[in-house]
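[1] Show me how the following folds:
(one chain, ligands or ions: 1)
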Amino acid sequence: MKIRRSIRRGPTRGCMKLKFGKKVFTTSAGTLVLHDVRLTDAKLLNEIVNEDCVNQFILFPKPISLQSTRERIAKAGKKIVWILAELDGSIAGSADLTPYLGRSSHVANFGIAISQKFQGKGIGKTLLKSLFSFAKKNGIEIISASAFADNKKALAFYKHLGFKKAGILEKHLKRNGKYLDLILITKEL
Ligand SMILES: CC(C)(COP(=O)(O)OP(=O)(O)OC[C@H]1O[C@@H](n2cnc3c(N)ncnc32)[C@H](O)[C@@H]1OP(=O)(O)O)[C@@H](O)C(=O)NCCC(=O)NCCS
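    Residues are numbered from 1 along each chain as shown. Predicted structure coming up:
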C-alpha cells in the first residue's frame with residue numbers, strides 16, 4: 001500500500017530554531033553567560049536536579065541518574081532548546097523549552113531549575129527573559145509551564161514575570177504518598 005509522503009512525515013514542528021547560541025550579561029552578582037547545554041555539563045546539571053530544594057518541585061523524584069540527564073542533553077538542539085546559565089564560570093542552573101507540534105506549534109512549554117546557592121540573584125529572571133525573547137524571534141507566541149501547588153517561590157516568580165494561572169489539575173501529583181495539585185500557567189509573548 002502506498003502512503004502519501006506528507007502523512008508519513010508526521011506532525012510538523014513549525015519554524016522554531018533549537019540552537020540558542022551564547023549571550024553574556026554583566027550583572028550585580030557577576031558575569032552571567034547563557035549558552036546551549038553541552039554533554040560535558042551533564043554531571044553538574046545532574047547534581048542540581050538532585051538537590052532537595054529543586055527535586056521536590058520536579059516530576060521525577062531523586063535519585064535522577066546521570067545517564068538520564070545525558071540522554072536528555074542529547075535531545076537538546078534536536079527536540080528542545082536547553083540553555084545553561086554560568087555565573088563567573090560556575091554552573092548555576094538551566095532552562096529548557098519544548099515547542100508543541102502541528103496546530104499548536106505556536107506554543108512552547110518550559111522548565112527551569114536554579115541551584116540553591118544561586119537562587120535570588122536574578123539568574124532565573126534573566127535566563128527566562130532571554131529564552132522567551134529567543135522563542136518569540138522564532139515564531140513562538142505563547143509559553144506555558146506547570147508548577148507544584150506548594151511551590152510558592154516559583155508561583156510568585158512566574159506572577160512577577162507576567163504569567164497567568166490557566167488551570168489546576170487536581171491531585172495530579174503525589175509526593176511521599178500525599179496528593180498535590182498541579183498549577184498550569186501561561187503567557188502571551
Ligand atoms: C523559582 C526559581 C526558578 C527562581 O529563580 P531565581 O534565580 O531564584 O529567581 P530570581 O532571583 O531571578 O528572581 C526574579 C524575581 O522573582 C521574584 N521572586 C523570586 N523568588 C521570590 C519569592 N520567594 N517570593 C516572591 N518573589 C520572588 C523576585 O521578585 C525577583 O524579582 P526582582 O528581580 O525584580 O527582585 C528558582 O528559585 C528555582 O529554580 N527553584 C527550584 C526549582 C523550581 O522550583 N523550578 C520551577 C519548577 S515549576
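[2] how about the strands of the chain, start to end?
    Secondary structure of the chain, counting by DSSP state E: strands at 22-27, 30-36, 81-87, 90-99, 107-114, 142-148, 164-175, 178-188.
[3] Of these, flag the one that's most buried.
    Comparing the strands of the chain by mean neighbour count (mean count of other CB atoms under 10 Å), strand 81-87 ranks first with a mean of 23. For the C-beta atoms, the positions are set from N, CA and C on the backbone; glycine is no exception.
[4] Run the angle between that one and strand 107-114 for me.
    Counting by axes from the mean of the first three to the mean of the last three CA atoms, to 10 degrees, strand 81-87 lies at 30 degrees to strand 107-114.
[5] Against which helices or strands is strand 81-87 packed?
    Secondary-structure packing of strand 81-87 (3 or more CB pairs under 8 Å, 6 or more residues apart in numbering; DSSP states H and E): strand 30-36, strand 90-99, helix 123-137.
[6] What pLDDT is listed against residue 71?
    You'll see residue 71 listed with a pLDDT of 96.
[7] can you check residue 17 too?
    With respect to pLDDT, residue 17 scores 87.
[8] Could you count how many residues lie near it?
    13 (other CB atoms under 10 Å).
[9] now for the helices and strands packed on strand 81-87, which one comes closest to residue 173?
    Residue 173 sits nearest to strand 90-99 of all those, at 19.1 Å, using CB to CB.
[10] who touches the closest one?
    13-14, 16, 32, 37, 41, 44-45, 48, 76, 79-86, 105, 107-115, 118, 121, 123-124, 127-128, 131, 135, 140, 143 (CB atoms under 8 Å, 6 or more residues apart in numbering).
[11] just to revisit the earlier point, got JSON lines for the strands of the chain, with distance to the ligand too?
    Converted to JSON lines, these look like this (distance: least, CB to the nearest ligand atom, whole Å):
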{"stretch": "strand 22-27", "distance to the ligand": "10"}
{"stretch": "strand 30-36", "distance to the ligand": "10"}
{"stretch": "strand 81-87", "distance to the ligand": "9"}
{"stretch": "strand 90-99", "distance to the ligand": "6"}
{"stretch": "strand 107-114", "distance to the ligand": "4"}
{"stretch": "strand 142-148", "distance to the ligand": "4"}
{"stretch": "strand 164-175", "distance to the ligand": "12"}
{"stretch": "strand 178-188", "distance to the ligand": "8"}
